[in-house]
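> Attaching a predicted model along with its sequence, questions to come.
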There are 2 protein chains.
Amino acid sequence: MTSSGTRKYEQQRQSAIRSAAAVFAEKGFHGSCTKDIAEHMGIKQGSLYYYFKSKEEALDEVCLYGIQDYVQHMEKIADGDQTFEAKLIATVTSHLSSYREKNEALKVYNDERLYLPSERRRRLKKLGSDYRQRLEGIFENGKESGAIKQSVDCHFAAQAVIGMCNAWGDLIVRDPDLDLFEVIQNCTDLLFNGFTNKS
Amino acid sequence: MTSSGTRKYEQQRQSAIRSAAAVFAEKGFHGSCTKDIAEHMGIKQGSLYYYFKSKEEALDEVCLYGIQDYVQHMEKIADGDQTFEAKLIATVTSHLSSYREKNEALKVYNDERLYLPSERRRRLKKLGSDYRQRLEGIFENGKESGAIKQSVDCHFAAQAVIGMCNAWGDLIVRDPDLDLFEVIQNCTDLLFNGFTNKS
DNA sequence: TTTAACTTCTATAAGTCTATAGAATTTTGC
DNA sequence: GCAAAATTCTATAGACTTATAGAAGTTAAA
């Protein structure tokens, strides 16, 4: 009943968050029921409420789990003093690695439809737009330093990178044998040079 | 009771499909109830079943509505005898225009989690992968004709274009004042030349 | 105007799902 | 090994949803 700080409690709560992430990612929040989550984790439906106050709270935890180090990593990249090229490569690498590792929670996080109800969830959503703004800042710096063309629209560029990484991330998740390094290679090459032959 | 071919029946059914698209897009299939759809359309919950056998059938219709001309347009582009550049521009233009017009239905269509149950839905899903394969073919031709670099991975490239268009499409939908032409410009410039300055 | 076909409504059965209460079981500290 | 605390279980109330049946209302044709 108490959210006690027991070792087991914390472990089981983490396990519950991961189970919720898996089930939500597969069927969507409204498509899953607490029974599914409990079964995935190996306990009974009612027992889940020892770890969460509600299904909504489980969702909050999954979203937080999915986004937190993702954004932290971006801050480090953005604040660093590398070149534009290095920062963009680091971003793509971080985004795609994170996708492989926590794709389920990220998938849940990325579902826009879930961001209306709670205040907490709105704050979580803001983390995502922070991420985009940081990336936008990287592009702006790149423009100032002359690394990228003046014609580039930084807002669009950031959106494009994120959209592309998500699309590639899906591929990575579906095909676990796919070489992450190769994907990153392809992705950065497109972003820097485009597809066209310049011979 | 009969799925009669009355004028009014057909009109109301279309209206029901559009309402379903709007509600599903906002709340997700499992997050919406037939009452929401009926209210959006201005009738009572039970009356909806005069137009659909089930909620699932409504979903099928929404998906079909969202994807059909989208794919047809792609076939025309792919089969045409334009240059690689022209085809890619046409693809991006078609994709983004379609997004502005039917984004709700497309959003529903793009939700993977809905593609397990019915045979009909699996066929619909296939239309999406047809689309990607056609685009992949355009890239392959571009490689043969020397328009694009040999190092480009056509499978990834197609996925990248689609992912980027979807991300940009979201922007367009959220900000209706956004100039479609400018977005297309940005998008194609990235795809052809990348961000990097080549001075 | 009358009649038949069409469209919409009301009411509800049957099912599912969340969240809670309290009992039962397991674990921990002494 | 015992008592207290922590964890899990069972059972269920209460709410919500889909889909159906049949009544009521509307439109169209003769």
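Perfect, I can see it now.

> domain assignment for chain A?
Following automatic domain parsing, one gets these domains for chain A: A:1-52, A:59-193.

> and the shortest one, average pLDDT?
Translated: domain A:1-52. The average pLDDT for domain A:1-52 rounds to 91.

> do the same with stretch A:122-139
The pLDDT scores in stretch A:122-139 average 90.

> go on, stretch A:160-177?
Mean pLDDT, stretch A:160-177: 85.

> Could you do stretch A:181-196 as well?
For stretch A:181-196, mean pLDDT is 90.

> still on that earlier bit, go through the domains of chain A and name the closest to chain B.
For chain B, the closest of these is domain A:59-193, at 2.3 Å, according to C-beta to the nearest C-beta. For glycine as for every other residue, the C-beta is placed from the backbone atoms N, C-alpha and C.

> any residue of that closest one up close to DNA strand C?
No: taking C-beta under 7 Å from any atom of the strand as the criterion, domain A:59-193 and DNA strand C are apart, separated by no less than 9.9 Å.

> before we move on, what about stretch A:6-19?
Yes: applying C-beta under 7 Å from any atom of the strand, one finds stretch A:6-19 touching DNA strand C at A:7-8.

> Using PDB, list the CA coordinates for that stretch.
Extracted in PDB, the C-alpha atoms of stretch A:6-19 (Å, rounded to 0.1, in the frame of the first residue of the first chain):
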ATOM      1  CA  THR A   6      12.100  -1.500  -0.400                       C
ATOM      2  CA  ARG A   7      14.600  -3.000  -2.800                       C
ATOM      3  CA  LYS A   8      12.000  -5.500  -4.100                       C
ATOM      4  CA  TYR A   9       9.400  -2.800  -4.500                       C
ATOM      5  CA  GLU A  10      11.700  -0.700  -6.700                       C
ATOM      6  CA  GLN A  11      12.700  -3.700  -8.800                       C
ATOM      7  CA  GLN A  12       9.200  -4.800  -9.300                       C
ATOM      8  CA  ARG A  13       8.100  -1.300 -10.200                       C
ATOM      9  CA  GLN A  14      10.800  -1.100 -12.800                       C
ATOM     10  CA  SER A  15       9.600  -4.400 -14.200                       C
ATOM     11  CA  ALA A  16       6.100  -3.100 -14.200                       C
ATOM     12  CA  ILE A  17       7.100  -0.100 -16.200                       C
ATOM     13  CA  ARG A  18       8.900  -2.200 -18.700                       C
ATOM     14  CA  SER A  19       5.900  -4.500 -19.100                       C
END
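
> Could you list the buried residues of that stretch?
Under the neighbour-count criterion of 16 or more other C-beta atoms under 10 Å in any protein chain shown, stretch A:6-19 has A:12-13, A:16-19 buried.

> how far does that stretch sit from the chain's center?
From the chain centre to the centre of stretch A:6-19 is a distance of 21 Å (C-alpha atoms, centre = their mean, to the nearest Å).

> contacts for that stretch?
Stretch A:6-19 is contacted by residues A:3, A:37-38, A:40-41, A:48, A:51-52, A:58, A:61-62, A:65, A:104-105 when judged by C-beta atoms under 8 Å, 6 or more residues apart in numbering or on different chains.

> By neighbour count, which of those wins?
Using other C-beta atoms under 10 Å in any protein chain shown as the neighbour test, the contacts of stretch A:6-19 are led by residue A:62, with 31 neighbours.

> Much appreciated, bye for now.
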